[in-house]
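Trainee: quick one: sequence plus predicted model below, questions after.
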Amino acid sequence: MDNTAVVILNYNGLSYLKQFLPAVVENNDGYQVVVIDNCSTDQSVTYLNSTFPEVELVRLNQNFGFSGGYNRGLQSIDAEYYILLNSDVQVTPNWTGPIIKYLHDHPEVGICQPKIRSHQDPQRFDYAGAAGGFLDILGYPYCRGRLFDTLEADEGQYDDNQLIFWAGGACMAIRRSLFRQLGGFDEDFFAHMEEIDLCWRSQKAGHLVAYVGDSTVYHVGGGTLASTNAYKTFLNFRNGLSLILKNSTFIQLIWKLPLRMWLDGIAALRFLIKGSWGHFWAVVRAEFAFILSIPKTWRKRADAGTTNVVKLHNRIIVWDYFVLGRKYFKNL
């Protein structure tokens with residue numbers, strides 16, 4: 001069994017493979033590099049076979065999304081550690097070393113992420129992960145270095161190692177044993193927030209999540225679904241509600257879920273006022289889809305009452321950000 005496998009999930013990402021895979025192969029520290037292809041219809045497979053024959057290719061027979069793609073592809077990959085890497089990520093020299101060493105030196109930690117900065121604006125943190133993710137009391141995600149759409153410049157304020165609540169799916173390392181113990185990602189999420197759900201379940205199973213500031217990668221973001229895509233809005237709102245239902249205690253759900261759905265309704269009205277009809281309808285659809293999925297999601301609530309090691313932020317981040325004007329992590 002190889003010690004570590006760097007695993008890239010690809011779906012019609014030929015341009016990203018051409019742009020970013022050479023650096024992954026060059027800076028893999030001797031680790032196995034694997035591409036899981038989610039039944040791409042572009043020339044991704046042809047390109048990989050002809051240009052990078054040393055890269056192992058796992059081909060799936062349909063697009064299973066982020067969750068299903070990794071769940072199926074990782075079944076055939078033997079390694080003690082998996083580094084899950086988006087195809088739209090630029091890696092740097094020695095990016096793998098610190099995160100794998102951290103897992104090796106901290107057996108209580110099951111998942112970790114590097115510093116994730118924006119590829120488009122390299123001095124700033126990336127939206128998806130930044131310097132480590134957290135959840136507020138209503139399950140809204142935010143990061144050190146990113147609150148909603150406010151991205152901080154990297155001035156060394158997060159050059160540390162820190163326990164966090166969730167690691168960004170753009171680049172995260174996880175123990176193979178833990179991934180299999182947890183049953184992988186929840187495939188009903190399809191894409192978006194499945195990494196938060198996995199990290200929440202990891203903590204409930206006794207395995208911490210961490211951020212390692214000595215490793216840096218640069219993420220394009222929106223490589224598969226852009227932020228302007230209404231389907232992405234649908235997934236984020238639906239999955240955010242599923243996340244709460246799966247992992248909160250019953251007492252918490254009594255007040256938390258109605259309040260969250262009410263706030264999501266306000267978000268839908270904001271889309272409507274701005275004339276974003278597609279996003280307004282996406283939120284409405286998300287609420288109905290969530291309601292219809294409640295029986296199935298409820299059956300997944302194993303150990304929902306277990307205490308998490310990293311607590312939820314005890315305020316409502318929407319109130320802090322939009323009403324009190326607290327735009328930076330340090331102000332919380």
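Mentor: In hand now; what should we look at?
Trainee: how about the secondary structure of Asn61?
Mentor: coil (DSSP: H, G, I helix; E, B strand; the rest coil).
Trainee: give the contact list for the closest residue to it other than its chain neighbours.
Mentor: Distances taken as Cβ to Cβ, 6 or more residues apart in numbering place Cys39 nearest to Asn61, at 6.0 Å, with adjacent residues excluded. C-betas here are computed from N, CA, C, even on glycine. Counting by Cβ atoms under 8 Å, 6 or more residues apart in numbering, Cys39 touches Tyr11, Arg59, Leu60, Asn61, Gln62, Asn63.
Trainee: can you count the residues close to the fifth one?
Mentor: If you count neighbours by other Cβ atoms under 10 Å, Gln62 ends up with 10.
Trainee: from Gly69, how far off is it?
Mentor: 10 Å (Cβ to Cβ, to the nearest Å).
Trainee: hang on, Tyr47 in a helix?
Mentor: Yes: according to three-state DSSP, Tyr47 belongs to a helix.
Trainee: identify the residues contacting it.
Mentor: Counting by Cβ under 8 Å, 6+ apart, the residues that Tyr47 touches are Leu14, Leu17, Lys18.
Trainee: same check on Val310?
Mentor: Val310 neighbours (Cβ under 8 Å, 6+ apart): Phe134, Leu163, Ile164, Phe165, Gln203, Leu208, Val209.
Trainee: which pair of the residues you listed spans the longest distance?
Mentor: Phe134 and Leu208 (13.6 Å; Cβ to Cβ).
Trainee: contacts for stretch 316-332, please.
Mentor: Residues outside stretch 316-332 that contact it (Cβ under 8 Å, 6+ apart): 136-138, 140, 142-148, 150, 152, 157, 263, 313, 315.
Trainee: 10 Å instead?
Mentor: Residues outside stretch 316-332 that contact it (Cβ atoms under 10 Å, 6 or more residues apart in numbering): 125, 130-132, 134-150, 152, 157-158, 259-260, 263, 266-267, 270, 313, 315.
Trainee: whichever of the residues you listed end up buried, select them in PyMOL.
Mentor: Burial among these is assessed by 16 or more other Cβ atoms under 10 Å; the matching PyMOL selection reads:
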select buried, resi 125+130+131+132+134+135+136+137+138+139+140+141+142+143+144+145+146+147+150+152+157+158+260+313
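Trainee: among the contacts of stretch 316-332, name the ones in strands.
Mentor: Phe134, Leu135, Pro141, Tyr142, Cys143, Arg146, Leu147, Thr150 (DSSP state E).
Trainee: what about the strands in the stretch 151-300 of the chain?
Mentor: Under the criterion DSSP state E, counting those that start in this stretch, the stretch 151-300 of the chain carries strands at the ranges 161-164, 171-175, 208-219.
Trainee: just those strands: most buried one?
Mentor: Of all these, strand 171-175 carries the top mean neighbour count, a mean of 25, counting by mean count of other Cβ atoms under 10 Å.
Trainee: Asp320 in helix, strand or coil?
Mentor: On the basis of three-state DSSP, Asp320 is classed as helix.
Trainee: any idea of the pLDDT on it?
Mentor: We have a pLDDT of 93 for Asp320.
Trainee: cool, and Ala226?
Mentor: pLDDT at Ala226 comes out at 51.
Trainee: try Pro98
Mentor: So Pro98 comes in at 97 (pLDDT).
Trainee: before we move on, back to that, what remains of the contacts of Cys39 if I keep only buried residues?
Mentor: Buried among those by 16+ other Cβ under 10 Å: Tyr11, Leu60, Asn63.
Trainee: that older thread, farthest-apart pair in the ones in strands among the contacts of stretch 316-332, please.
Mentor: Going by Cβ to Cβ, the pair spanning the ones in strands among the contacts of stretch 316-332 furthest: Leu135 and Thr150, at 17.4 Å.
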